[in-house]
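J.: Have a look at this prediction, sequence included:
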Amino acid sequence: MRKPSYLFIACLSVLFILSPGKSDSANFTVSPIRLFFDGQKTNAIQVTNNSDEKLSLELSVYAWAEDEDAKDVFSPTQDIIFFPRMLTLSKGEERLVRVGLRAASGDKEKTYRIYFEEMPGPSPQEGATVRTLMRAGVPIFVAPRKAGAAGAIEGAAF
């Protein structure tokens, strides 16, 4: 019969000592999951706390584009305004976040993201715990001033 190695036993001991008793994370929903501005200047997002604990969120907004490698690029923007910037929700509470368009529509569609980021609260337990903080992003699409559909047929041969 083969004896377990000391390294294996040491690794198991470390994992047991560092393993959390409970893992907590936020449980909130945002609706709708994307916003469209097609001529209107204001919109709203409903946030619902589905957890048993009080939930604090901080909101931020960024312009959203893609680089040459099709990777997302986010940059701070003043084009979108929203209220409130921070909110605290009790168990089961729902709140509206007002979102407005400050910049005028351009010739091309503009894209943004508004983020709802959970703020750390007091640890509910003593001892080893792991607390994950959730960050949810809602895309915002601003339609161009004019919907310009144009097409052309080139190189057709009969």
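T.: It's in.
J.: what's the burial count for N43?
T.: Neighbour count for N43, taken as other Cβ atoms under 10 Å: 17. For every residue, glycine as well, the C-beta is placed using N, CA and C.
J.: That one is in contact with V99, isn't it?
T.: Yes: distance between N43 and V99: 4.9 Å, which falls inside the contact criterion (Cβ atoms under 8 Å).
J.: Overlap of the contact sets of the two?
T.: Applying Cβ atoms under 8 Å, 6 or more residues apart in numbering, one finds that N43 and V99 are jointly contacted by L35.
J.: So what are the sheet partners of the strand or helix carrying L59 and their directions?
T.: Element membership for L59, per DSSP states H and E: strand 55-66. Take DSSP bridges as the rule and strand 55-66 pairs in its sheet with strand 72-76 (antiparallel), strand 86-89 (antiparallel), strand 110-118 (antiparallel).
J.: Return the most buried member of those.
T.: For the strands paired with strand 55-66, the largest average neighbour count (mean count of other Cβ atoms under 10 Å) is found in strand 110-118, namely a mean of 19.
J.: what comes into contact with that strand?
T.: Counting by Cβ under 8 Å, 6+ apart, strand 110-118 makes contact with 26, 28, 30, 35, 45, 47, 55-65, 74, 77, 79-80, 82, 97, 99, 103, 133-142, all of which sit outside it.
J.: Just the buried residues out of those, in PyMOL syntax.
T.: With 16 or more other Cβ atoms under 10 Å as the criterion, this PyMOL line picks the buried residues out of the contacts of strand 110-118:
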select buried, resi 26+28+30+35+45+47+55+57+59+61+62+63+64+80+82+97+99+136+137+138+140+142
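J.: next structured bit after the lowest-mean-pLDDT helix or strand in the chain?
T.: Confidence across the helices and strands of the chain bottoms out at strand 23-25, with a mean of 50, counting by mean pLDDT, DSSP states H and E. Using DSSP H and E, the next helix or strand after strand 23-25 towards the C-terminus is strand 28-31.
J.: Excluding chain neighbours, give the residue nearest to D79 in space.
T.: The shortest distance from D79 to any residue that is not its chain neighbour, by Cβ to Cβ, 6 or more residues apart in numbering, is 3.8 Å, and that residue is A103.
J.: What are the neighbouring residues in contact with P76?
T.: Applying Cβ under 8 Å, 6+ apart to P76 gives the contacts Y62, A63.
J.: change the start of the numbering to 32 and stick with it
T.: Okay, residue one is now 32; in that scheme the one you just asked about reads as P107.
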